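Engineer: return a 3D structure for these sequence lines:
(2 chains)
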Protein chains: 2
Amino acid sequence: MRNLKITIQYNGSNYCGWQKQPDSLGIQGTIERAIYDITREEVKLTGSGRTDAGVHALGQVANFKLESAIPVDKIPNALNSKLPKDISVIDCIEVNDKFHSRYNAKGKTYRYLIHNSMYRSPIYKDISYHVKYELDFDKMVKESKHLIGTHDFKGFMSSGSSVKDTVREIYDIRLNKQEDLIVLEVEGNGFLYNMVRIIVGTLVDIGRGRINKSLKEIVESKSRSECGHTAPAHGLFLKKVDY
Amino acid sequence: MRNLKITIQYNGSNYCGWQKQPDSLGIQGTIERAIYDITREEVKLTGSGRTDAGVHALGQVANFKLESAIPVDKIPNALNSKLPKDISVIDCIEVNDKFHSRYNAKGKTYRYLIHNSMYRSPIYKDISYHVKYELDFDKMVKESKHLIGTHDFKGFMSSGSSVKDTVREIYDIRLNKQEDLIVLEVEGNGFLYNMVRIIVGTLVDIGRGRINKSLKEIVESKSRSECGHTAPAHGLFLKKVDY
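Structural biologist: From the prediction side, this is the model:
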């Protein structure tokens, strides 16, 4: 049996998230069904991590074991012919038997889009967070740099997560402004539940002047209540998983 | 009666284009109905130009005469509360009585998105042209510069147009590559029917190596058949109208 690693893009707007739910296939189940459609094999697809309802992906990674001898370079088009248009498999390679998408992930990059304009955008509405308040972009860039490095990000985690070790390393965080879009990209060895969305919400609150503390102090406080709001899911993209 | 100028963004995916059709309101009719909903006035909305079915706008301009005394700065939000989410009014100002969105337009800027990747994008599918072939981007940039200046663009017009004077001036054309997206922007004093889409199709054919002539010769030939294909509507955005 081969162990196959696929890279997936999706628009999460119409899904309950990566994971199957009792009444819904999720991205995972939708791809498993497409694999069944082309191979008649019931596989278990292991993702690098779950994404919540509404979250998108430019480079989600998953793996599965397959009997079928279908060549790897035929798999993306074969799957895409069965998948709905809001999911696309963009790569498939064979990996060694031990490879596990989640356990072997060494780092991830997320992108977050903020549409900063007085009025809603008909173009970016499903893929960005609409912030109508004026934002001090330079301050947001400056403050964001305090996140780089190894810190206890306990405050940047939604309650309900059972994770014990809340220390993570952020390798880099970049903010770019392109007209009325702010593109944030953050790269790290791992992220707590809702961590990126809380980082974005906190930076937006800093940019608006609703939070006046430095992000350095906020991280050090290890307190969820010192952070800002949780930015909505539909601005978030899982961009890349590193192994 | 005040003469009001509005700036509009829209995602054209679900519309027959700017103009009303016998069985469909179009963008124009949809906005006229929203104006009626808030003022009970049946206005005629004059656009800077029509956009075809599927074409989007980041800065379409239109004007209309209104009796109602509603303050201009209240108009965008009032209209947006009545408009579907794929149309957004982002500005409204009072202009002099003589102002006409079409006749007074001095120039326009269009944007065109090309998604250049082997596989379709679930994120950009409705707002970009998916080109799966490898493109020589540097050659496309170099060739595009031949379009700048005043030329007879007769070849870059779809048949069926009744326009006699086919001389237009292109002020600037810029191509940028951001990962797998090519963003083309072209600015000129006016554009013939389908001119931007034929420019894009020709540049794509040059980038693919299907056309080997220089764009200089192609322009000089004044022949539609020397140009490339007409790129699809859904990659095109009317970005800005200058007065």
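Engineer: just the element for A:Y133, please.
Structural biologist: Counting by DSSP states H and E, no helix or strand carries A:Y133.
Engineer: in space, what's closest to it - neighbours in sequence excluded?
Structural biologist: In space, and not counting its chain neighbours, A:Y133 is closest to A:R208: 4.8 Å by C-beta to C-beta, 6 or more residues apart in numbering or on different chains. C-beta: built from backbone N, CA, C; applies to glycine.
Engineer: burial count for that neighbour?
Structural biologist: Neighbour count of A:R208, defined by other C-beta atoms under 10 Å in any protein chain shown: 16.
Engineer: what number of residues lie near A:K98?
Structural biologist: So A:K98, with other C-beta under 10 Å, has 8 neighbours.
Engineer: residue contacts, the residue nearest to A:Y133?
Structural biologist: By C-beta atoms under 8 Å, 6 or more residues apart in numbering or on different chains, the contact list for A:R208 reads A:V131, A:Y133, A:E134, A:L135, A:D136.
Engineer: of these, just the buried ones, ChimeraX syntax please.
Structural biologist: Filtering the contacts of A:R208 down to the buried ones (16 or more other C-beta atoms under 10 Å in any protein chain shown) takes a single ChimeraX command:
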select /A:131,135
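Engineer: tell me the two of the contacts of A:R208 that are most distant?
Structural biologist: Maximum pairwise distance in the contacts of A:R208, criterion C-beta to C-beta, is 12.1 Å, between A:V131 and A:D136.
Engineer: measure the residue nearest to A:Y133 to chain B for me?
Structural biologist: Going from A:R208 to chain B by C-beta to the nearest C-beta, to the nearest Å gives 19 Å.
Engineer: now swap in A:K98 and tell me
Structural biologist: 27 Å.
Engineer: ok, that residue - contacts?
Structural biologist: A:N3 are the contacts of A:K98 under C-beta under 8 Å, 6+ apart.
Engineer: mind running it again at 10 Å?
Structural biologist: Neighbouring residues of A:K98 by C-beta atoms under 10 Å, 6 or more residues apart in numbering or on different chains: A:N3, A:N104.
Engineer: quick one, phi psi at it?
Structural biologist: Dihedral angles of A:K98 (phi, psi; degrees, to the nearest 10) stand at phi -80, psi -20.
Engineer: can you give me the strands for chain A?
Structural biologist: A:2-10, A:46-47, A:56-66, A:87-95, A:107-116, A:129-131, A:149-152, A:167-178, A:181-188, A:236-242 (DSSP state E).
Engineer: the second one near chain B at all?
Structural biologist: In this case it means strand A:46-47. No: using C-beta under 10 Å from any C-beta of the partner chain, strand A:46-47 never reaches chain B; the gap is at least 16.0 Å.
Engineer: and stretch A:179-186, by the same measure?
Structural biologist: Yes: using C-beta under 10 Å from any C-beta, stretch A:179-186 reaches chain B at A:E179, A:D180, A:V183.
Engineer: what about A:S128, how many residues nearby?
Structural biologist: The tally of other residues near A:S128 (other C-beta under 10 Å) stands at 24.
Engineer: give me phi/psi at it?
Structural biologist: Torsion angles, degrees, to the nearest 10, at A:S128: phi -150, psi 160.
Engineer: quick one: the residue of chain A positioned farthest from its centre from chain B, how far?
Structural biologist: Relative to the C-alpha centroid of chain A, counting by C-alpha atoms, centre = their mean, A:A69 is the outermost residue, at 31.7 Å. Going from A:A69 to chain B by C-beta to the nearest C-beta gives 22 Å.
Engineer: which residues touch the nearest residue to A:F137 once chain neighbours are set aside?
Structural biologist: Closest residue to A:F137 apart from its sequence neighbours, by C-beta to C-beta, 6+ apart: A:K177 at 5.6 Å. Contacts for A:K177 were tallied using C-beta under 10 Å, 6+ apart; they are A:I114, A:N116, A:L135, A:F137, A:D138, A:M140, A:V141, A:V183.
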